[in-house]
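> Give me the fold of what follows.
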Amino acid sequence: MLTFDSQYTAFDVTPVSNQFILEYLPGAKDEYVKVYLYALMLCAHPQEDMSLEALARALALEVGTVEAALRHWEFVGLVQRVRDNPPEYRFAHPLWRNLLAGESQTDPVYRTFMENLYHAFAGKRKEDLHGAEKRKVWEWVEELKLPEDVVLYLVRHLIATRGPNFKICGKEPERLALLLADEKARSVEDAVEVLGREQDIENGAAEILRRFRQRRGVPSQDEVALYRKWRREWGFSHEDILAACAETTKGSPNFGYLDGILRRLWEQGGPRQVEAVREEDERVREVLNRLGLSVGVNEATKKYYRMMTDLYPHEIIMMAADLYATRPNRNLEDVMAGLESWKNRGLDTPDQVRAYVREFQEENRLIARLNTVWGGGAVRAGETARAQVRRWTKEWGFSEAAILYCAAFAAGEDKKAPMKYLNRILERYHTEGIHGEKEIAQAEAARSRESGAVKPVQAARAVAQAQYAQRTYTDRKPGEMPEWLAEMLKEEQDAQ
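Residues are numbered from 1 along each chain as shown. Below is the predicted model:
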């Protein structure tokens with residue numbers, strides 16, 4: 001019999017409880033508040049053709065959003081579902097919500113979930129969960145579509161890592177819930193994997209903090225966020241980040257300084273650049289260890305190594321380090337000089353270098369044995385002496401035994417130039433086509449018989465390295481100078 005004018009609604013008021021504004025509104029999404037207020041107005045001014053679709057059109061929302069909003073207010077106890085088809089809802093005043101939130105009226109899934117949520121805290125929380133906290137956790141189920149057991153595992157993870165009094169409505173729990181949703185965690189096993197990676201992030205940031213010798217043991221959320229960016233966005237491994245820490249030795253190291261270093265490396269190529277730096281450091285360290293140098297890897301030693309790599313690969317650099325490792329006062333400058341010498345000789349491959357080093361060592365060994373024959377350090381094992389040895393062995397074809405046999409002839413002569421006299425002896429035999437020790441001895445025996453007695457000279461001092469079995473090629477005693485050589489030397493002395 002009675003009805004309102006159609007325009008009455010626009011001039012009427014919809015009473016909203018302050019309890020709703022203070023307790024329920026702050027924790028609800030904007031769309032949910034819009035649905036609640038509009039639906040509350042419709043309770044006072046119902047429309048016969050109202051439906052979920054019509055409500056959605058009036059608020060410019062999706063039907064699914066309207067349904068989710070009504071479920072939300074249902075679960076917090078402000079709305080009761082009377083029937084589902086067609087949908088019918090009954091709104092309760094916030095002061096009377098407990099009448100609709102009794103055990104017989106509450107959604108059994110929600111009730112079971114809340115029981116498990118309380119059980120997760122096991123009475124360790126100082127205060128009971130309030131309405132906003134319960135609504136926030138249930139939103140992770142309803143809005144993020146996370147399974148109940150995944151959400152409960154997240155809560156237990158937060159209790160274990162942050163203590164039972166963590167802020168459920170804080171940024172970090174919400175971030176982890178969104179992460180689980182983004183990673184499509186559908187089981188506890190998925191949640192363990194996702195949250196385990198996040199725990200690795202926090203542990204990694206804590207290790208960097210310890211590396212910087214900071215007194216506080218727990219990194220800030222900003223520091224964790226930086227570490228997460230380095231790992232997730234820029235793709236650096238934990239080892240990459242630790243390697244970059246080596247460049248924070250100047251000043252007071254901190255996460256901001258390290259962020260600048262990693263940004264530069266990221267712009268230059270990212271993890272590949274860090275790997276290249278780590279490999280270079282390891283190779284420099286290998287060279288220094290091989291030389292037995294106590295100096296560490298720094299910009300100076302790395303600069304020398306880069307100069308070396310301009311000439312040769314690491315394998316050949318290590319061959320040079322092996323060669324110089326036994327020398328006193330060895331250093332990187334000597335290794336660099338040796339590499340430059342090899343390059344000037346046209347040595348390009350490891351096989352060529354090995355052959356040269358083998359020849360080099362054989363020449364030095366022969367020079368050492370000559371010094372044994374002549375006593376002391378008569379000859380320096382330099383390039384001049386080695387060139388002379390190469391002429392005798394490579395060009396003229398004398399064996400080492402033949403050279404040592406003839407070296408005894410010059411043992412009693414000028415100590416300053418024994419190589420000169422030995423060269424005259426070998427040159428004479430080379431001209432005559434005689435190169436073997438036996439043939440030289442036989443030639444000397446023949447000359448002795450033709451010319452008679454020979455002039456003795458002081459025999460070479462016997463040293464273990466120069467001792468070899470005496471032959472019976474001639475009656476001349478070991479160390480006696482051939483007559484022709486003695487006469488030639490006398491003529492030279494008389495001429496002077």
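> Without its sequence neighbours, what residue ends up closest to Phe255?
Glu223 (4.7 Å; Cβ to Cβ, 6 or more residues apart in numbering). Using the backbone N, CA and C atoms, a C-beta is placed for each residue, glycine as well.
> And Asn254, by the same measure?
Phe212 (6.4 Å).
> what's the spacing between that neighbour and Trp234?
For Phe212, the distance to Trp234 (Cβ to Cβ, to the nearest Å) stands at 20 Å.
> For Gly292, give its distance to Tyr305.
16 Å.
> Pick out whichever of those two has more residues nearby.
Tyr305 (24 against 10; other Cβ atoms under 10 Å).
> quick one, phi psi at Tyr89?
phi -130, psi 150 (degrees, to the nearest 10).
> Report the beta-bridge partners for it.
Note on Tyr89: beta-bridge partners by DSSP bridges are Arg81.
> my guess is it meets Leu70, correct?
Yes - with contacts counted by Cβ atoms under 8 Å, Tyr89 reaches Leu70, the gap being 6.1 Å.
> neighbour count winner among these two?
Leu70 (21 against 15).
> just to revisit the earlier point, neighbour count for Phe212 and Trp234, which is higher?
Trp234 (18 against 15).
> Tell me the spatial nearest neighbour of Val150, not counting adjacent residues.
Counting by Cβ to Cβ, 6+ apart, the residue nearest Val150 is Ala191, at 4.8 Å.
> now swap in Phe236 and tell me
Spatial nearest neighbour of Phe236, excluding adjacent residues (Cβ to Cβ, 6+ apart): Trp230 at 4.8 Å.
> sorry, back to before: quick check: the residue nearest to Asn254 touching Pro253?
Yes - contact status for Phe212 versus Pro253: in contact at 4.6 Å, counting by Cβ under 8 Å.
> shared neighbours, these two?
By Cβ atoms under 8 Å, 6 or more residues apart in numbering, Phe212 and Pro253 have these common neighbours: Cys245.
> Check which helices and strands whichever strand or helix holds Val357 sits against.
Using DSSP states H and E, Val357 maps to helix 350-374. Helices and strands touching helix 350-374, by 3 or more Cβ pairs under 8 Å, 6 or more residues apart in numbering; DSSP states H and E, are helix 314-324, helix 383-390, helix 400-407, helix 418-432.
> Show me the shaky parts of the stretch 1-150 of the chain.
1-8, 96-107, 126-128 (pLDDT under 70).
> Show me where it has its helices.
In the stretch 1-150 of the chain, the helices defined using DSSP state H, counting those that start in this stretch lie at 8-11, 18-19, 30-44, 52-59, 63-75, 97-100, 108-121, 131-142, 148-162.
> Compare these and give me the one nearest Ile403.
Closest of the helices of the stretch 1-150 of the chain to Ile403 is helix 148-162, at 79.5 Å (criterion: Cβ to Cβ).
> Tell me which residues of that closest one come out buried.
Applying a neighbour-count criterion of 16 or more other Cβ atoms under 10 Å, one finds Glu148, Val150, Val151, Leu152, Tyr153, Leu154, Val155, Arg156, His157, Leu158, Ile159 buried in helix 148-162.
> Stretch 67-76 too?
Ala68, Ala69, Leu70, Arg71, His72, Trp73, Glu74, Phe75, Val76.
> Same check on stretch 343-358?
Applying 16+ other Cβ under 10 Å to stretch 343-358 flags Leu347, Val353, Tyr356, Val357 as buried.
> what about the helix holding Val357, distance to the chain center?
41 Å (Cα atoms, centre = their mean, to the nearest Å).
> Compute the inter-axis angle for it and helix 383-390.
Put simply, helix 350-374 runs at 90 degrees to helix 383-390, going by axes from the mean of the first three to the mean of the last three Cα atoms, to 10 degrees.
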